[in-house]
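Q: Give me the fold of what follows.
(3 chains)
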Amino acid sequence: MRSGIFTQGTRAARWTAAGAAMVMAGLLTGCGSGSGSGSDGGTITAYVYGDDAVKVQQAAVTEFNKTSKVKVKLVSVPGTDYVNKLRSSMGSPSAPDIFFNWGGGSIKPYVDAKQLVDLTSTVNGDAELKDGFLPSIMTAGGLDGKIYGVPMRGMQPVMLFYNKKLFTENKLEAPKTWEDLQKAITTFKAQGITPFALGGSDKWPELMWMEYLLDRIGGPEVFKKIQNGDSSGWGDPAVLKAAQTVKDLVDQGAFGKNFNSVDYGNGGAPTLLNKGKAAMHLMGSWEYSTQLGKAPEFAKKDLGWTAFPTVAGGVGDAADVVGNPTNYWSINARTKHKDAAIAFLKTMASQKYAKALVDNGDIPTTSNAASMLSTSPNPQFANDQYSLVQKAPSFTLSWDQALESQYATPLLTELSKLFAGKSSPEQFVAAMKAVK
Amino acid sequence: MRGGRKTAVGNVGRPPVSWALPGILFFAVFAIVPLAIAVYLSFCKWDGLNSPTSAGLDNWTRLFKDPEVRQAAWLSLLLTTISWAFQTPVALLLGVWAAGRQRSRAVLSAVFFVPLLLSTTAIAMLFHALLDPNFGVIKEIGPWFGIDPNVMGSSTGALLTVAFVGGWQFMPFHTLIYQGGTRQIPQVLYQAAEMDGAGMFRQFFHITLPQLRNTITTSSVLMIVGSLTYFDTVLIMTKGGPGTDTTVLPYLMYRTGFQTYDLGYAAAIATALVVVATALSLVLVRFSGFGNMRSTREGM
Amino acid sequence: MSVDTRHTAPTVSPAFRTRLATARRRKRWGNPLAGLGSLVWLVLVVVPLYTLISSSLMHQDEALNGDPLAFPTNPTLDNYKTVLDSGFSTMLGNTVIVAASTVAIVLVLAVPVAYVAVRTRSRLSSLAFRTFLLGVAIPAQAVIVPLYLLIGKMGLYDSLPAIILPTAAFAMPVAVLILSGTMRDVSEEMYEAMALDGATPLRMLWQLAVPMSKGGISTVAIYTALQAWNGFLFPLILTQSEENRVLTLGLFNFQTQFGVNIPAVLAAIVLSVVPIFAVYLVARKALINGLMGVGGK
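A: Numbers count the residues shown, from 1 in each chain, chains lettered A, B, ... in the order given. Here you go, the predicted structure:
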């Protein structure tokens, strides 16, 4: 039965062609009917990043649906694959009408594909939206001077969390300078305590280190340049120095030996902190609510927080912040209910919604947020966080959101190689310059 | 192909070939046509949002130069080899052993079977929890055997773990295949050998192994294709890390396609994967004389 | 599949039989290497399973602090409740639908293909057979990008058929191979006898080939069901919403959703096994014999 392989090749080709033709015909005729957009029967679908805060959005949706003819259907997409899922469905007929995003590079592909509603004139023509939010936050969600999103969650600066008990026991203060940091590292290592918890298996926690180090060493402009599409920006000496600092910290044992197989997602890294096995943890402000859920005693009594320290010889302002300014709702240009979608977005500026965010422990980005913080579950933390952001000369968006996925994914990969000692700082820089 | 056998009835009562059409078309639509599209897309640039545009040979020239692809291909081959070398002897021994009809064996076989009931996802998550360097069982047990609890954090450790976890799940499956194969070996062969005074080991090597040739091929093809396409375990347990040291071809393809959204390049990697998988199984089938065996047995 | 008995020696002298019996007794414990190996493997199988169950009964704090090998000091079923409250039944239902539909499609389509492959001699049927043979080596990952495109165009993105159809297609090659293997065992004489009775090909299929290849059919059904049960990539890429979530994907999401709650993740794993474990208890013989048949002969 082997002899026939060549003689029957043509027939095989014909078969395949016939099958392909059939499918293609099906596709051509099928396209018209397949356009659901999820909006039949007067509903609009909203994709939201699925975590604890979803309940605040769900409440807003319920409230909105009480009066609106067009109903909003909230779809909570599990966090880890939110970005992939959104991208996959935006390329399919069942795309959402409204979706959660981080602004910046996270929406650039959709803007380029003309899939988003330009909200610039809507926002500027509506006092409630225009004055309802901190102006810097509103622009941070846009692209090329245009507005594509309305803020819908709290601010999430990255902060240095620490275990107060361990610091007191070892007569240390929260580090403000690189020297303090070095002293803390040496002290804790001598005690057999990992200086910094790090969920290296998830990769993105490693990025926070790189973001802050580059900011402190070279200032926010270095990454601005990269973000604006100039990949030669990776060649800036500050990037190399930041990468070198990462390597030094790793070699020093600042993250312990196991960080490569520690997760953030399954609670590995936060647990190290609250069990006193690690002394510090560089993490987004959501760490507070994570700890509150996981080890409430610890969160209330022993969890401390501070800004990222200065780096010796760096030109960056120690008041700069990195993280997520906030999250935004954007509207799919293909929606059949644009007015209803905009009406829903407007409810994000309401006092009531801001209050719900505050009660959930979030710091809303509305103009009047400061006055509401006293009702937060932890006013101290809320106020510290708010003033950290308010005083920051620059708030750099997390690189993996600021950059398009075609740059962000290789960045996370290369960075994890750097942390794992699989590539040198020079190789990291070279690899990032080469990404196209 | 049926050994030139002519029957009295000839073609009476033979089914029309058209009966096979629905099955063939179905397979074509969901497997062959997508494969053809994958080949086509490998010559395109496509981000999943806009229409694909022609990219000529770009993806392919890139593929052959890309050190990540080279590393991933190497890791895939390594993983496949390790998995095969680990699973085959163990499954063969267990299968032959379990083919005996003793009660104790039946009970043990029932226990062995359990991992097969768990989905790959469940198993990967279970081992992920067990191997957590700070809170998992490995922290307690590892040191007894001189294993560093940070097994998932080391390059070799992570790859070996992925291979082990795959084996843990599919060992019962392959054991069963071998058990089935062994039970079909005609007892007369053993009886004759025993009369000749052949010992257990000689019987194993001179009767069992040669008689299981087809079974070994089947099991090996399934194993090789299975380990070449290892994906779930890698995604859940290592995310391709540490660094890129467990980024096997399917994971690289997933990352390129569904995280970087370079779908054209992902299609090129996928096409390469098919070529490798097909070539490997063809080689295996040829070398083992599997095809020949089939037709000689048909004549029996 | 009780094929084994067929091959035992038909007629032997009593003397021969006693000698054989002694030899067999010597063989009772079989290959010592294999025996030892099986004990080692037993430990490797049992320890993870034990930890899975014991940790799923622990309070979150104990799971993180205590000795992971110890039995929970204060067992709790809370974790199971957490999981059951998180849409577990929908996912289980979806998985059952997916597995059942996939098996049905594969059997309906693969049986005729195998029958034709075995019963006809045309070049077309041998070509089809060879295509399926090669199809065994097509990894699902290779076609996931085009499938995503195709399913989207068909308007099936984020629906259960989006999982069922490709899963069934990818189970076809092995199904055809196994089925044609068993159907070949049906002797030509039996077909001829039926043909002389004037039976149509359909009747031969229904009254001869199918009943005679029950073993192969159950093998295919079990193998396919396991594939569907295990499927991860198709659901991951081709579905999205909670209504269409299957167990594997649900488990994967639990890992994020419960994040910090490892015992709940483990409880979810245990719960995901319960239904198929029940099937196993009821139909252990069929399952085992079915899978043994994958090796064919």
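
Q: Now do the strands in the chain.
A: This is for chain A. A:43-50, A:71-78, A:98-101, A:150-151, A:156-163, A:194-197, A:278-284, A:303-306, A:321-324, A:328-331, A:395-397 (DSSP state E).

Q: Chain B was what I was after
A: Under DSSP E, chain B gives strands at B:44-45, B:53-54.

Q: Low-confidence stretches in the stretch 151-297 of chain C?
A: C:256-260, C:295-297 (pLDDT under 70).

Q: And the residue of it closest to chain A?
A: Relative to chain A, the nearest point of the stretch 151-297 of chain C is residue C:155 (2.9 Å; CB to the nearest CB). The way it works is simple: take the backbone N, C-alpha and C, and place the C-beta from them, glycine included.

Q: State which one residue of chain B is found closest to chain C.
A: residue B:180 (3.0 Å).

Q: Chain neighbours aside, what residue packs nearest to that residue?
A: Nearest non-adjacent residue to residue B:180, counting by CB to CB, 6 or more residues apart in numbering or on different chains: residue C:292, 3.0 Å away.

Q: Which residue ranges make up the domains of chain A?
A: A:43-155+A:325-367, A:156-323+A:398-434 (automatic domain parsing).

Q: Now do the end-to-end distance for the last one.
A: Across its full length, domain A:156-323+A:398-434 reaches 31 Å between end residues, using CA to CA, to the nearest Å.

Q: if we can go back for a sec, a helix runs through the residue of the stretch 151-297 of chain C closest to chain A, doesn't it?
A: No: counting by DSSP: H, G, I helix; E, B strand; the rest coil, residue C:155 is not found in a helix; it is coil.

Q: Got the phi and psi for it?
A: Residue C:155 adopts backbone torsions of phi 70, psi 20, taken as degrees, to the nearest 10.

Q: before we move on, what about residue A:257?
A: Backbone torsions of residue A:257, given as degrees, to the nearest 10, read phi -100, psi -20.

Q: what sits against it?
A: Counting by CB atoms under 8 Å, 6 or more residues apart in numbering or on different chains, residue A:257 makes contact with B:150, B:153.

Q: Let me know how buried residue 202 is, in neighbour terms.
A: Assuming you mean chain A. 21 (other CB atoms under 10 Å in any protein chain shown).

Q: Sorry, I should have been clearer: chain C.
A: Residue C:202: 11 surrounding residues under other CB under 10 Å.

Q: In which helix or strand does it reside?
A: helix C:201-204 (DSSP states H and E).

Q: I'd guessed residue B:138 sits against residue B:153; true?
A: No: the criterion here is CB atoms under 8 Å, and residue B:138 misses it with residue B:153 at 11.1 Å.

Q: Now residue A:303: closest residue in space, sequence neighbours ignored.
A: residue A:291 (5.5 Å).

Q: is it true that that neighbour touches residue A:269?
A: No: if you go by CB under 8 Å, residue A:291 and residue A:269 don't touch, sitting 11.0 Å apart.

Q: Between the two, point out the one with more neighbours.
A: Between residue A:291 and residue A:269, residue A:269 has the larger neighbour count (other CB under 10 Å), namely 28 against 24.

Q: The more buried one: what's it in contact with?
A: A:197-199, A:205, A:262-263, A:278, A:281, A:283.

Q: restrict those to those near chain B?
A: Filtering these for proximity to chain B by CB under 8 Å from any CB of the partner chain leaves A:262-263.

Q: ok, the contacts of residue A:269 vs residue C:160, which is closest?
A: Nearest to residue C:160 out of these is residue A:263 (CB to CB; 31.0 Å).

Q: Am I right that that closest one is in contact with residue A:204?
A: No: taking contacts as CB under 8 Å, residue A:263 lies outside contact range of residue A:204: 11.1 Å.

Q: what touches both of those two?
A: The contact lists of residue A:263 and residue A:204 share no entry, where a contact means CB under 8 Å, 6+ apart.

Q: ok, back up a step: any idea how far the residue of the stretch 151-297 of chain C closest to chain A lies from residue A:330?
A: Using CB to CB, to the nearest Å, residue C:155 is found at 24 Å from residue A:330.

Q: what about dumping the CA coordinates of stretch A:82-92 to CSV?
A: C-alpha atoms of stretch A:82-92 as CSV (Å, rounded to 0.1, in the frame of the first residue of the first chain):
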residue,chain,number,x,y,z
TYR,A,82,-8.1,38.7,30.1
VAL,A,83,-5.8,40.3,27.5
ASN,A,84,-5.7,37.2,25.3
LYS,A,85,-9.4,36.6,25.6
LEU,A,86,-10.3,40.2,24.8
ARG,A,87,-8.0,40.2,21.8
SER,A,88,-9.4,36.9,20.5
SER,A,89,-13.0,38.0,20.8
MET,A,90,-12.3,41.5,19.3
GLY,A,91,-11.2,39.6,16.2
SER,A,92,-14.4,37.6,16.2
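
Q: Done for today, thanks.
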